[in-house]
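Enquirer: just a sequence and a predicted model for now, questions to come.
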Amino acid sequence: MSFVPAGLIALTSDFGMRDPFAGIVKARILGRFPAARIVDLCHGMAAGRPDLAGFWLARCWLDFPPGTVHLAIVDPGVGTPRGVVLACAAGRLLLAPDNGLLPEALRHFAGTSWRSMDAELPARLGVGELSRTFHGRDLFAPLAAELASGALALEEFGPRASPADPAPVPAPTREDGGIVGRVVLADHYGNLFTNISAELVASCRQPSVELQDGRLLPLLTTYGEAPAGGACALINAFGLLELAINGGSAAAGLNLGEGAIVRLRDGLRT
Amino acid sequence: MSFVPAGLIALTSDFGMRDPFAGIVKARILGRFPAARIVDLCHGMAAGRPDLAGFWLARCWLDFPPGTVHLAIVDPGVGTPRGVVLACAAGRLLLAPDNGLLPEALRHFAGTSWRSMDAELPARLGVGELSRTFHGRDLFAPLAAELASGALALEEFGPRASPADPAPVPAPTREDGGIVGRVVLADHYGNLFTNISAELVASCRQPSVELQDGRLLPLLTTYGEAPAGGACALINAFGLLELAINGGSAAAGLNLGEGAIVRLRDGLRT
Amino acid sequence: MSFVPAGLIALTSDFGMRDPFAGIVKARILGRFPAARIVDLCHGMAAGRPDLAGFWLARCWLDFPPGTVHLAIVDPGVGTPRGVVLACAAGRLLLAPDNGLLPEALRHFAGTSWRSMDAELPARLGVGELSRTFHGRDLFAPLAAELASGALALEEFGPRASPADPAPVPAPTREDGGIVGRVVLADHYGNLFTNISAELVASCRQPSVELQDGRLLPLLTTYGEAPAGGACALINAFGLLELAINGGSAAAGLNLGEGAIVRLRDGLRT
C-alpha cells in the first residue's frame, strides 16, 4: 500500500500543554503548507521516553486514515548527531528522531519500509540553521509539511536504511508458576496498563492475577463488574491486561506504578 | 429547528490530555468522515462524573453553531449494557452514554427530542465488536461521524425514548434565613462555582454571602473591585454566584472545595 | 506589510485545559465565522500574568504565517474598564486586553501600528451585554472572528493609540563581575529559561554561569553533552541562556524557580 498524501498530520510528543511548543510546531507546518490539517494525537507522552511513546503509538497509529503523516517527537538527544527516520507502513508515513521510538511503535507490524534522512535534505528544503534544543520546530515541522503536502516524495527523503533498535518496553517472561509481567504506565484515570497481552491471558485455562505483595485481583470483563471502589483486572481496549479500581484510581488505590510486577498464573497448571 | 449537519463535531470528555484517548477518537471520526471539523470543547471533565460534565455542557452547548454534533463521553459504565442516547435541540445534536449527562445538560432547555440507539445500528454501520473499556473509540466516534456527515439521519438512530434521569448537580435549598447552596466545582483559576443562580441573588434586596465557617464575603461585580489577594463573591459569566480571590485561588485561599456550603442571606429579611 | 486575512486565528491564554473556556471561545468564533481555522498556540500561560504571556508570544508570534490573527487572553482586569488593543505587525494582527501583554510581546519588533478599540464597536458588531468574568467569550471571540474573516477592517477597529506600558519581564543588569540575570520561567520539562540572551553570552570571551548559591554550571551546547542527570547551561532554541539537567528537571534538581538569580561572568575580565 503506497502513500498518497491526505494533507493530514497527526502529532505525538512529550511537549505537554503548558508551553507553546506544540503550537509552534503547528505554526511552522502551516507556514509551509497552509492547507495542512493538523490533529493532536497526544502531547502528554512521558518526557524523554521514546519507549513509552512507541508503546502508545503502536496502539493507535493505524486508527488514522491512510495518507496520514505521523510526526512523533520525543527527542532526548535533540541537538546531538542522532539521525531522522521515516517509516512507510499501511499507506501512512511516520517521522521521528532515530531513537527507537518508531521501531517500538512498528515492532509488530510487518511490511514497513524505512528511510534515513539525507544529510543534504534540510538545505534542499531551505531549512536554516538548527537550534540545539527544538528540532520539532526547526526540522521536523518543515519535513512533515513537505511530506504531507506531497511536495517531498518518499524516495527523496533519503536512502533505505535500518533504524536504531527499538526503545523497548519490557516483555513479560515465563517463570515457574506463570507469566511475570510489569506495569508499563498509569493512564489519566489511574488505570495500570501491563505488558501482558490478551493472548497470554487467553492461553491460561484458569487465569489469576497476583500483585507483588501477593494480593490476588479478580479477572473481570468490565469496570462495572467490580463493586464501587473495588480493584480488578481486565482486558482493556488495547488488548492488554489492565489493573483498575471501579470508580477510582488503581495507581493510587493499589499504590503501584511503572515497573511493578504483575503475575499471571494458571490455576490448572500450578 | 431541525438538524442540518454542518460537518462540525464538538468533543467533551474526561479523557484528560495525558494519554492519546481524545486523539484516537478524532482519528476514528476522520476515518469515517474525512472532511469532519473537530473542535475540542474540553477533555478535562472530572473523571467518571456525568453530573459535572452535564453541568458544564448546559452552560456552553448553545455557543456552538446550529448543525453541530456534540459528542460527550464521560462513561463510568463503559462495557456494561447502559444505552446510548441522542438529543436534538435547537438544531444541534448531542450524543452520549445514557447515564444522565445529557438530561442534566438539557435540564433547563424546552424542546429537546430524545432517541435511544437501536441495538442493530452498530452492525448496520459496520461497527465491529466493541472493547470493554473504550466505547468512545469503538462506538461513539463512528456514530458521531455518520451523524455529522449526514449519512445517518436522526430518524435512523433509533426510536424515540426517554433518557435516564439527570445525573443531578445539587440544587440550593431554602431555609430560615436564606438560601443554602453549595460549591459545585473549582475551576482552573481556583474560582469556586456555586449552584446559586444570579436570579436567586437578584431576588434578595440586600444580599450577603456567608461561608460555612461564618465568614462573610463582599458581593462585588468584578474581580478587580476586591483588593489584591482579597476574597469576594460575584455573579460570573455563567450566571452563577462565584467565590473568588482577586489575583489568586479561592479554592486554596478559602480552603474550600466541591460540596462546601455557601449561604445567601437577605439583610432586609433576617 | 499590510494585513491580508488568511482565515487563521491563533489562540494564547491562561485558560488551562481543565475547563471548557478555550472551547467556548472557539465556539463563539465559529458562530460568527464558520470557515475559521483555529489553532491553539497555548492555553497554559501562567494565570493572570500578562508579562509571561508577552514573553512567550514575543518568541513565537512570527512563526505563524502572514494573515494570522493572534488572540491573546490573559486578563486579570476582566470586567474593569481596561481597554482593548489591536496591533498590526509583519502582516499579522494581534488582539488582546490593553494590559501590557502585547507591548511586551512586540517590544523588540520595529514597525508595529497600534489601535485602541472604539467603544461603539461592540454594539456595531451586534455584541450584546458583556459578562464581568469572561470577555474572551463575550467580546474577544467576536472581534477576532470579524477581523479574521475580513468583515472588520483594521481601520474600523478604532483610532490609532498608544497601548499601555509593557508588562515587563525583568531585564538583566550589569554589575561588577558580570551580568546578573534571573530565571523567567520553568517549562514543562523543568528547564529554566533565564532573561540572559545569547548575545550577552557571546559578548563574554570566557563565560561562566553561577547560581545564587555559588554553584557553577558548565556552559554546553546540547543537553546530551552533560552526563545523565548532570546540570548544565546552554543557549536554547529561543536565544536565551537556559539551565537544564540532562534527562531530568532542572527546576526540581537545582531547586530553583522564577526570580532566582543567575550570574554570567566573563573569566577574562574578573
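Expert: Nice, I can see it.
Enquirer: show the contacting residues for A:G54.
Expert: Counting by CB atoms under 8 Å, 6 or more residues apart in numbering or on different chains, A:G54 touches A:100-105, A:107, A:166-167, A:169. Every residue, glycine included, has its C-beta placed from N, CA and C.
Enquirer: helix, strand or coil for whatever residue of the stretch 151-270 of chain A ends up closest to chain C?
Expert: In the stretch 151-270 of chain A, no residue comes nearer to chain C than A:H188, which is 11.7 Å away by CB to the nearest CB. Here A:H188 is recorded as coil under DSSP: H, G, I helix; E, B strand; the rest coil.
Enquirer: quick check: it touching B:A22?
Expert: No. Using CB atoms under 8 Å, A:H188 is not in contact with B:A22; the gap is 10.1 Å.
Enquirer: how near is the residue of the stretch 151-270 of chain A closest to chain C to A:D14?
Expert: Going from A:H188 to A:D14 by CB to CB, to the nearest Å gives 15 Å.
Enquirer: neighbour count for these two, which is higher?
Expert: A:D14 (23 against 17; other CB atoms under 10 Å in any protein chain shown).
Enquirer: rewinding a little: quick one, grab the pLDDT at the residue of the stretch 151-270 of chain A closest to chain C.
Expert: With respect to pLDDT, A:H188 has a value of 98.
Enquirer: state the pLDDT value of the residue nearest to it when sequence neighbours are not counted.
Expert: Leaving aside its sequence neighbours, A:H188 sits nearest to B:G16 (CB to CB, 6 or more residues apart in numbering or on different chains; 3.5 Å). Note on B:G16: pLDDT of 98.
Enquirer: same deal with the one 5 residues further on?
Expert: At B:F21, the model reports a pLDDT of 98.
Enquirer: that one: neighbour count?
Expert: B:F21 has 23 neighbouring residues, counting by other CB under 10 Å.
Enquirer: hang on, the earlier thing: need the three-state assignment for the residue nearest to A:H188.
Expert: coil.
Enquirer: list the residues that contact it.
Expert: A:44, A:188-189, B:43-44, B:47.
Enquirer: just the buried ones from the contacts of A:G54?
Expert: In terms of neighbour count (16 or more other CB atoms under 10 Å in any protein chain shown), the buried residues within the contacts of A:G54 are A:100-105, A:166-167, A:169.
Enquirer: which one of these is nearest C:G247?
Expert: A:A167 (13.6 Å; CB to CB).
Enquirer: quick one, helices of chain A?
Expert: Ranges of helices within chain A are A:21-32, A:50-58, A:101-105, A:121-124, A:135, A:141-149, A:154-157, A:198-202, A:250-253, based on DSSP state H.
Enquirer: return the most buried member of these.
Expert: Of the helices of chain A, the one with the most neighbours on average (mean count of other CB atoms under 10 Å in any protein chain shown) is helix A:101-105, at a mean of 27.
Enquirer: put the alpha carbons of that one into PDB.
Expert: What follows is helix A:101-105, C-alpha atoms only, in PDB (Å, rounded to 0.1, in the frame of the first residue of the first chain):
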ATOM      1  CA  LEU A 101      10.500   5.300  19.100                       C
ATOM      2  CA  LEU A 102       9.200   4.200  15.700                       C
ATOM      3  CA  PRO A 103      10.800   0.700  15.700                       C
ATOM      4  CA  GLU A 104       9.000   0.100  19.000                       C
ATOM      5  CA  ALA A 105       5.700   1.500  17.500                       C
END
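Enquirer: and chain A, which residues reach chain C?
Expert: A:15-24, A:26-28, A:30-31, A:34, A:38, A:47-48, A:76-80, A:131-134, A:137-138 (CB under 8 Å from any CB of the partner chain).
Enquirer: lowest-scoring secondary structure element of chain A by mean pLDDT?
Expert: strand A:173-175 (a mean of 93; mean pLDDT, DSSP states H and E).
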